[in-house]
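Asks: The following block contains a protein sequence and its predicted model.
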Amino acid sequence: MECLNGGDLRNFLNKRAPLTIDMTRFFTAEIICGLQSLHNRGIVHRDIKPENIFLNSSGHVRIADFGLSETDVHSSHALTSIVGTPNYMALELYLEIPYGFAADYFSLGVIVYEIATGEYPFSSSDTVPGTVSATVSATVSATVSATVSATVSGTVSGTVSGTVPDTVSGTVPDTISGTISCTASSTASSTASGTDSNIDLGTSLFLDEVLVDSICNQYPRFPKDFSMDLMDLIAVKLLCKSSSLRVMHVKYLQSHPFFKGVDWMKLKAGEISPPFDMETLPPMDLTTEMMMEEIIDPDNELKPELSEENRELYCGFSFTSKVWREIQRP
């Protein structure tokens, strides 16, 4: 078993985010390779997040924690159970739509945004997405009742890599539909433009309704000097609101302009060095014997003096340790 002593990606981002474009490209490409390997084996991870992505001593990525994974999946709409970490769950899980491999790529889109900006892309009760201009706009319409169905259509404003290879426009082929726990039984419809959405999700099963609404209806905002290729990868491909359209996008990720120049064969073989240096920890002295107390409490801070009143609470037990007897001595 490989020792992953480079820590997890969350710790790495806490120290270094936002990362350079080269570091973002490297991490994104290696995570894509890992996801493709899992999906080719019929495994949907369902909990992709920085805490579950570990680094070895060189900085190469390893996906871990398969406690919520589903195996033997061979359809893009085979799963229905709602599991995962709320901040990284795809909107199809919130809308209770059957899902598959594409849900992992939505999670990846959130992570890539965090890698590149150091911010979370959606709003929540305690998180506000980055400021600056949004270059992705969408028109979202929905009818909300006890059962919520939504048809999502979008357009891209601005230019991504000169021309947008596949503009998301018109009506998405599949209709996003699902059941959301709602308190209102009446039917309400609304139209949203840009990142301001008015889709009423009612009272959902999840605690943070602001987060659910943001993931389902809003698009992330990007800095003005943000890479157009990376913006397209995140907002148009990975965070695509339509799971079926996202399935089509992820088939061609390796040929996306953002990965131009990446040798995928060498990357999969681990032959491409990370574009950064890992922190080197001082070597540990494993030859010196240490008492367990020294390891647990090296500064002797976990032994506060007990008051006379509290000492009496521990008297009369059938077993009294030698240490306790010494403490009891006047």
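Replies: That came through fine. Numbering: from 1, shown residues only.
Asks: neighbours around residue 112, how many?
Replies: 24 (other Cβ atoms under 10 Å). Using the backbone N, CA and C atoms, a C-beta is placed for each residue, glycine as well.
Asks: Isn't it up against residue 232?
Replies: No. Counting by Cβ atoms under 8 Å, residue 112 does not reach residue 232; the two are 11.7 Å apart.
Asks: For stretch 88-99, measure first residue to last.
Replies: Stretch 88-99 stretches 15 Å from its first residue to its last (Cα to Cα, to the nearest Å).
Asks: Check which residues of that stretch are buried.
Replies: Across stretch 88-99, burial judged by 16 or more other Cβ atoms under 10 Å covers 88, 89, 90, 91, 92, 93, 94, 95, 96, 97, 99.
Asks: Could you double-check that residue 21 sits in contact with residue 227?
Replies: Yes. Residue 21 is within contact range of residue 227, at 6.0 Å (criterion: Cβ under 8 Å).
Asks: picking up where we left off before, quick one: which of the buried residues of stretch 88-99 is nearest residue 273?
Replies: Using Cβ to Cβ, residue 88 comes nearest to residue 273 of the buried residues of stretch 88-99, at 28.3 Å.
Asks: next one: phi and psi at that closest one?
Replies: Residue 88 adopts backbone torsions of phi -120, psi 10, taken as degrees, to the nearest 10.
Asks: pLDDT averaged over stretch 222-230, what's the number?
Replies: Stretch 222-230 carries an average pLDDT of 96.
Asks: What about residue 47, how many residues nearby?
Replies: Neighbour tally, residue 47, other Cβ under 10 Å: 21.
Asks: closest to residue 8 among the buried residues of stretch 88-99?
Replies: residue 88 (13.9 Å).
Asks: For residue 107, list the residues it contacts.
Replies: 47, 48, 49, 84, 88, 89, 90 (Cβ atoms under 8 Å, 6 or more residues apart in numbering).
Asks: Could you rerun that using 7 Å?
Replies: 48, 49, 88, 90 (Cβ atoms under 7 Å, 6 or more residues apart in numbering).
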